[in-house]
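Asks: Got a predicted structure plus its sequence, pasted below:
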Amino acid sequence: MAAQFTKTEINVKSHPQPTTLVKQIQGNVQVFIAPQRLLYADIFAQGLRVAGQGTKVLLVQLFQTGINQGLQNPRRLVENLEWLRCEAQRDLSREDIELTDAEKSSVLELWEYTKSAIAKATASLIIIDEINLLIKRSLVTEQELLEILEKRASKVNIILTGSSMPTAIADYADQITHRRN
């Protein structure tokens, strides 16, 4: 006796569900290591170029300060580039100074905002300047930074800059650029 199938059963058996062959795009992590402490023009230009193409960009300078800058007063360059600096009265990037509690709080407040942007993908490109100083000054651990990178939203591209970079972070990066002078 031949098996009897309904039209629905035949379609299901003869047309299995397709498997997805396309892998979801994962954003890149780029690391730029340079002996000088400054945000290089080509990194800044990359942010401007991406923002000019209609993609949200977040540029965070955790230890650089500016007059009336901070989370409450971000700078906007072109429509899609948000530029944040720490709210403090002096340059915090110098290694020979001790940060006050208020300065540490300001840096960590900006870092919390940045972590949230990474997790929620509020920008497709996030540039974090002098990230190495967070670890050098014991404000975050190398492991915490690595976990944030690993758990980032899938389409977020991240650029990390610093005069040095912890080995685990450099090893995790998709691209590392060492600058000389």
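Replies: Here it is on my side, so go on.

Asks: Show me where this structure dips below the pLDDT cut-off.
Replies: Where the chain drops to pLDDT under 70, the residues are 1-25, 37-39, 67, 181.

Asks: where exactly do the helices run in it?
Replies: 7-14, 41-52, 101-120, 132-136, 142-150, 167-172 (DSSP state H).

Asks: List the buried residues in the second one.
Replies: By neighbour count, with 16 or more other C-beta atoms under 10 Å as the criterion, the buried positions of helix 41-52 are 43-44, 46-48, 50-51. Just so you know, the C-beta spots here come from the backbone N, C-alpha and C atoms, and that holds for glycine as well.

Asks: Which one of the helices of the chain lies nearest to residue 74?
Replies: Go through these one by one with C-beta to C-beta and the one that ends up closest to residue 74 is helix 101-120, at 9.8 Å.

Asks: picking up where we left off before, what would the buried residues of helix 41-52 look like in CSV with distance to residue 61?
Replies: Output for the buried residues of helix 41-52, formatted as CSV (distance: C-beta to C-beta, whole Å):
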residue, distance to residue 61
43, 11
44, 11
46, 15
47, 12
48, 15
50, 17
51, 16
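
Asks: strands paired with the longest strand belonging to the chain, and their directions?
Replies: Once the chain is assigned using DSSP state E, the strand that runs over the most residues is strand 57-65. Applying DSSP bridges, strand 57-65 is found paired with strand 81-86 (parallel), strand 125-129 (parallel).

Asks: Would you point to the one among these that's packed deepest?
Replies: strand 125-129 (a mean of 24; mean count of other C-beta atoms under 10 Å).
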